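>>> model this:
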Amino acid sequence: MRLRAWAWLALSSLPASAAAGATRPRYGGALAIELSTPWTSLDPADLHSAISTGVAETLVRINERGEAEPLLATAWRTNGRRWTFTLRPKVVFHDGEPLTAATAAPALLAALKKTHADVTVQAGGQTLVVTSDQVIPDLMLELAAPRAAIYRKSDANPLIGTGPFRVAAWEPGKRLSLAAFDDYWGGRPYLDSVNISFGYGRVRADVFDIPPGPNRRILPEGTETWSSAPQRLVALVGAGAPAPLMQALALAIDRAPIVNVLAQRRGEPAFALLPQWLSGYAFLFQTPPDIARAKQLVAQLRPGPLMLSYPADDPFLRSVAERIALNARDAGATVQPLGTPNGNLSLAEWPLESNDAPAELSRMAALMGLSDRAAALEASKPDSLYQAERELLDGHRVIPIIYLPDTYAIAPRVHLAVKNGRLRLPLEDLWVEP
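Here you go, the predicted structure:
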C-alpha cells in the first residue's frame, strides 16, 4: 500500500533553515515547547503525533515516500484477513520490561477494537498475529497512527512506552516533562529533555503554537513560523435540530468573515468534509450565502430558540459560535451560544488523522453516526468518494465551516539532524544550540 507523505505534521517537518542552520548536531540541552491548548490525558491518541511517537512507538511508520516501514515490527506478511508481525528484538519499555508479543498485545488489541469489533490479536514469543473476519485494507495506515501505539501503564506512570524519551513528570493541564531514554534501541536522542508547558507564557519557549484568532503573539527576533496544510475541520453539528433548519443555517452562514477576521486569514472556508488538497473535488460543494432562501425556510418552520454548544475554554470557537448566531438572526432564527454541552447544536473540531481520503471520509461518517453511507466507498473509484460525501452532506446533519492549519513558531537555535541523507522525524532528531 502506498500513501502520500504526511507533509502537514507540524513539529515533524521543520523549515529548511532550521535543518541547515548548523552543520554538526550536538548532544545535550533541553527543548522548551509551549502549547496554548492543555492536555489532560497522556493517551497517545490525545497527544500531538510528534510528541506521542517520541514516547510510545507503533509497529510501523509511514516514511517520506508514503510507504509503511519497520518500527517496532521488523517484518510482516498477510493473506488479507490474517496479519503476522515479527517484533524487533532487544527492545525494552522505559521501566525495563522487555517488549514481547505478550506485552504488546493488550495495547494493540484495545486500539483496534475501537474500530474493528471482530479483530483478535494472538501473541507468541516475538510474533503478533492480527486476525479479522473482514479485510482491513488500511491496516498499515491504522497501525502507524498514534492511537495504535504500544505502551503500558502503572499506578505511578500513565504512559510507559519504548520511544527515545520517557515521561519524567506530568501535571495534567499544566506541564509534561520528558527525559532522554538511555536504553533506547535506536540510540540515545540528542536532547537531554523536552519540557512542554500549557497556556500562554512569556514566549520564551523554543517552539510554540500560534492558535487561530485575533490575539497574535509577539514573536522574538529570528523566530520562524511554519504552517501546515489545512488539517482540522470546524463544523456545526445538529444534535437535535431538524434537517430543514440545518439547511436554513447552511444557507445563512457567511464563512468569509470567519476566515478573514476571526481566523486572521489562517484557514480556508469549508463547504465539504474533506479539504481540497485531500479529495481534489471540495470546490464542487462551494455555495454562496442565500439569506432570502434561509428566511423562507425559517418562516415555514417557526423554530424555537436553539442552544449552540462550544468548548468553554476555546476563545476561537466561541467567536465562531457568536458569528453563527448573528447569521442565524439575519435569517430569522434564534441561536444562543453556550459554553456548556448538550445543546441542540454544537461546534465540533475534527482533525484529520491521515492523508487517505476514503479512510478519512469513513471516519467522519462514523463520527456523524452514518457509517453505512460510506460502506460502498472504493478507493479506486473517485466518483464513489464524491457521491458518498454528497450523501453525507445532503442529510444536513453537519455544516462544514472552516478548515484550520497548525501554525508554529520555531526559535533559531532549534535544528533537525540529517541522517542517511534525508530528514527524519523528531523528537529523537531534534537538537539545540546552547
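>>> tell me the centre residue of this structure?
P351 (4.4 Å; CA atoms, centre = their mean).
>>> Now for the nearest residue to that one once chain neighbours are set aside, how many residues are close by?
Leaving out its chain neighbours, the residue that sits closest to P351 by CB to CB, 6 or more residues apart in numbering is R232, at 4.8 Å. Heads up, the C-betas are built off the backbone N, CA and C, glycines and all. R232 has 18 neighbouring residues, counting by other CB atoms under 10 Å.
>>> who's R232 bridged to?
Taking DSSP bridges as the rule, R232 bridges to P351, L404.
>>> hang on, isn't it packed against L404?
Yes. Judged on CB atoms under 8 Å, R232 makes contact with L404 at a distance of 4.4 Å.
>>> residues shared between the contacts of those two?
E349 (CB atoms under 8 Å, 6 or more residues apart in numbering).
>>> still on that earlier bit, can you tell me which residues contact the residue nearest to the centre of the chain?
Counting by CB under 8 Å, 6+ apart, the residues that P351 touches are Q231, R232, L233.
>>> 10 Å instead, please
S49, Q231, R232, L233, L404, D406 (CB atoms under 10 Å, 6 or more residues apart in numbering).
>>> And the pLDDT at R216?
Note for R216: predicted pLDDT of 61.
>>> Give me the secondary structure label for the closest residue in space to Y281 that isn't next to it in sequence.
When the adjacent residues along the chain are set aside, Y281 lies closest to Y386, with 5.3 Å between them (CB to CB, 6+ apart). With DSSP: H, G, I helix; E, B strand; the rest coil as the basis, Y386 sits in helix.
>>> right, and Y386 touches L284 too?
Yes. Counting by CB atoms under 10 Å, Y386 touches L284, with 7.2 Å between them.
>>> which of the two has more neighbours?
Per other CB under 10 Å, whichever of Y386 and L284 has more neighbours is Y386, with 19 against 13.
>>> From Q134, how far off is the more buried one?
Remark: distance between Y386 and Q134 (CB to CB, to the nearest Å) = 24 Å.
>>> Do a quick rundown of the helices in the stretch 101-250 of the chain.
Remark: helices assigned in the stretch 101-250 of the chain by DSSP state H, counting those that start in this stretch are 101-113, 139-144, 243-252.
>>> which stretch among those comes nearest V129?
Closest to V129 of the helices of the stretch 101-250 of the chain, according to CB to CB: helix 101-113, at 8.5 Å.
>>> Just the buried positions in that closest one, please.
For helix 101-113, the buried set under the neighbour-count rule, 16 or more other CB atoms under 10 Å, comprises A101, T103, A104, A105, A107, L108, L109, A111, L112.
>>> Contact partners for the fourth one?
I take that to be A105. Counting by CB under 10 Å, 6+ apart, A105 touches T120, V121, Q122, A123, G124, L128, V129, V130, I150.
>>> which one is the first one nearest to, not counting chain neighbours?
This means T120. Nearest non-adjacent residue to T120 (CB to CB, 6+ apart): T131, at 4.9 Å.
>>> what's across from the one you found in the sheet?
R82, T120.
>>> wait, isn't it in contact with V119?
Yes. Proximity of T131 to V119 meets the contact threshold set by CB under 10 Å, at 7.1 Å.
>>> More neighbours: these two, which one.
More crowded of T131 and V119, by other CB under 10 Å: V119, with 19 against 13.
>>> quick one: P25 and A417 touch, right?
Yes. Here P25 reaches A417: they are 4.5 Å apart, a contact under CB under 10 Å.
>>> more crowded one of those two?
Between P25 and A417, A417 has the larger neighbour count (other CB under 10 Å), namely 18 against 15.
>>> rewinding a little: now the common contact residues for Y386 and L284.
Contacts common to Y386 and L284, judged by CB under 10 Å, 6+ apart, are A272.
>>> Which single one of the contacts of A105 is nearest to V91?
The closest of those to V91 turns out to be I150 (CB to CB; 9.4 Å).
>>> Next, the contact list for that closest one, please.
Here I150 is in contact with 44, 56-59, 71-73, 87, 91, 93, 99, 103-108, 111, 128, 143, 161-163 (CB under 10 Å, 6+ apart).
>>> Distance check, it against V60.
From I150 to V60 the distance is 11 Å (CB to CB).
>>> again, but for M140
Distance of M140 to V60, given as CB to CB: 6 Å.
>>> what sits in contact with each of these two?
By CB under 10 Å, 6+ apart, the residues touching both M140 and V60 are E67, A68, E69, W76.
>>> before we move on, which element is the third one in?
E69 is located in strand 68-70, with elements delineated by DSSP states H and E.
>>> quick one: the strands in the stretch 101-250 of the chain?
Under the criterion DSSP state E, counting those that start in this stretch, strands of the stretch 101-250 of the chain are mapped to 120-124, 127-131, 165-171, 175-180, 193-198, 207-209, 224-227, 232-238.
>>> Between these, which one is closest to E360.
When the strands of the stretch 101-250 of the chain are compared by CB to CB, strand 232-238 sits nearest E360, at 9.7 Å.
>>> quick one: the closest one to helix 243-252, angle?
Angle between the axes of strand 232-238 and helix 243-252 is 140 degrees (criterion: axes from the mean of the first three to the mean of the last three CA atoms, to 10 degrees).
>>> Let me see the mean pLDDT of strand 232-238.
94.
>>> With just CA atoms, put that strand into CSV.
Only the C-alpha atoms of strand 232-238 are listed here, as CSV (Å, rounded to 0.1, in the frame of the first residue of the first chain):
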residue,chain,number,x,y,z
ARG,A,232,-8.7,20.4,11.1
LEU,A,233,-12.3,20.8,10.2
VAL,A,234,-14.6,23.0,12.3
ALA,A,235,-18.2,22.1,11.7
LEU,A,236,-21.7,22.8,13.0
VAL,A,237,-23.3,19.6,14.2
GLY,A,238,-27.1,19.3,14.6
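>>> Alright, that wraps it up for me.
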